[in-house]
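K.L.:
coordinates for the following, if possible.
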Amino acid sequence: MASWTRLDDRGVVSVAGTDARALLQGLISNDLDGLTPTHPLYAALLTPQGKYLFDFIVIDAGDHLLLDVEKARASDLVRRLTLYRLRADVQFAILDEVCVHAVFGELAELPPLPETATLADPRHPDLGWRALGAPDHVAAALGDVASPTDMAAYDRHRLELGVPDGSRDLEIDRALLLESGFVELNGVAFDKGCFIGQELTARMRYRSTVRKRLLPVRIEGHTEPGSLIKDGEVDVGELRSIRDGRGLALIRIERWRAAAAAGRRLQAGDATVEPSVPDWVDLSFASKAAETSA
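P.N.:
Numbering: from 1, shown residues only. Down below sits the predicted model:
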């Protein structure tokens, strides 16, 4: 049976007004021409230099848009978007009464739920569905289709898939989309025209200069997020979020390959770390030339 949990670390921002779509279209990494009430989009807002600031799921709610965002950073996102509004007819609001729930596991399809917005997670099919609504309504509606669980179960699930979770895994003003799986997670549209940070993102793709990748890791022993991963004295990467022996880490691909070819295990403090490449990750963006020129 499928499981569901309320994601207390997620919030919802409303973007309303006649210019809402046009404003976001010129700012974010995905193409809102593909957004429909049944087809949400994953996207990011970058710095002009192409560095990560925010990521979110965009939902078409009819006369307005909803952004499924990190709750702790929702106000920062609204402030940032407001800087670009100028005279456009766009209004932003944080909807404290709307909560985000994840439904995942053995469930072929999530049926429509009363007083709840339900949508397939646009990043990866195994992430399941999102259900947005008042907690009491969602809990009652999900009673017949899924069993309640805690956030830790969902966190383990997405770590096993290798999917990042906002600023826990993506360093603000430093992470790059192609290092972080955004292409494979349907978060970038290279044919939409300009967006903030588009130039660097496109150049990295076409020149294959991605030397690091965010990858799932198995961890044996105790270590902490932020710990450096080493092959002897050589830096190979850095751990991001961790739970129950699983984690994500930003890995230098060529250095990891060299250690693996020599049969050496990577270390993060007292722990051993074993990266893996999920079947959805495309390492063809990486190039040895980029690594040696770093």
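
K.L.:
just the helices from the stretch 51-200 of the chain, written as ranges.
P.N.:
Applying DSSP state H, counting those that start in this stretch to the stretch 51-200 of the chain gives helices spanning 74-85, 135-142, 151-161, 198-207.

K.L.:
pull the residues that contact the longest one.
P.N.:
Counting by CB atoms under 8 Å, 6 or more residues apart in numbering, the neighbours of helix 74-85 from elsewhere in the structure are 11-13, 15, 23-24, 27, 45, 53-54, 56, 67, 69, 90, 92, 94. In this view, the C-beta of every residue, glycine as well, is placed from N, C-alpha and C.

K.L.:
cool, and stretch 183-202?
P.N.:
Applying CB under 8 Å, 6+ apart, the contact partners of stretch 183-202 are 25-31, 33-34, 41-51, 55, 122-124, 163, 176-178, 182, 205, 280-282, 285.

K.L.:
give the buried residues for that stretch.
P.N.:
For stretch 183-202, burial by neighbour count (16 or more other CB atoms under 10 Å) applies to 183-189, 192, 195-198, 200-201.

K.L.:
can you pull the contacts of residue 161?
P.N.:
When contacts are counted by CB under 8 Å, 6+ apart, residue 161 is found next to 124, 126-127, 216, 278, 280.

K.L.:
so which of these wins on neighbours?
P.N.:
Among the contacts of residue 161, residue 216 has the most neighbours (other CB atoms under 10 Å), with 21 neighbours.

K.L.:
any idea how far residue 10 is from it?
P.N.:
To residue 10, residue 216 is 21 Å away according to CB to CB, to the nearest Å.

K.L.:
returning to that earlier point: ok, the contacts of residue 161 vs residue 255, which is closest?
P.N.:
Using CB to CB, residue 216 comes nearest to residue 255 of those, at 17.5 Å.

K.L.:
export the helices of the stretch 51-200 of the chain to JSON lines and append columns for distance to residue 242 and mean pLDDT.
P.N.:
Rendered in JSON lines, the data for the helices of the stretch 51-200 of the chain read as follows (distance: least, CB to CB, whole Å; pLDDT from 0 to 100):
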{"stretch": "helix 74-85", "distance to residue 242": "24", "mean pLDDT": "97"}
{"stretch": "helix 135-142", "distance to residue 242": "28", "mean pLDDT": "90"}
{"stretch": "helix 151-161", "distance to residue 242": "8", "mean pLDDT": "97"}
{"stretch": "helix 198-207", "distance to residue 242": "27", "mean pLDDT": "80"}
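
K.L.:
which among these is found nearest to residue 238?
P.N.:
Residue 238 lies closest, by CB to CB, to one member of the helices of the stretch 51-200 of the chain: helix 151-161, at 15.7 Å.

K.L.:
what comes up buried for the closest one?
P.N.:
Buried residues in helix 151-161, defined by neighbour count with 16+ other CB under 10 Å: 153-155, 157-159, 161.

K.L.:
out of these, flag the one nearest to residue 231.
P.N.:
Closest to residue 231, out of all of the buried residues of helix 151-161 and judged by CB to CB, is residue 159, at 22.6 Å.

K.L.:
quick one: contacts for residue 48?
P.N.:
Contacts of residue 48 by CB under 8 Å, 6+ apart are 196-197.

K.L.:
just to revisit the earlier point, closest one to residue 266 among the helices of the stretch 51-200 of the chain?
P.N.:
Across these, closest to residue 266 is helix 151-161 (CB to CB), at 17.4 Å.

K.L.:
for the closest one, the distance to its chain's centre please.
P.N.:
Averaging C-alpha positions (CA atoms, centre = their mean, to the nearest Å) puts helix 151-161 13 Å from its chain's average.
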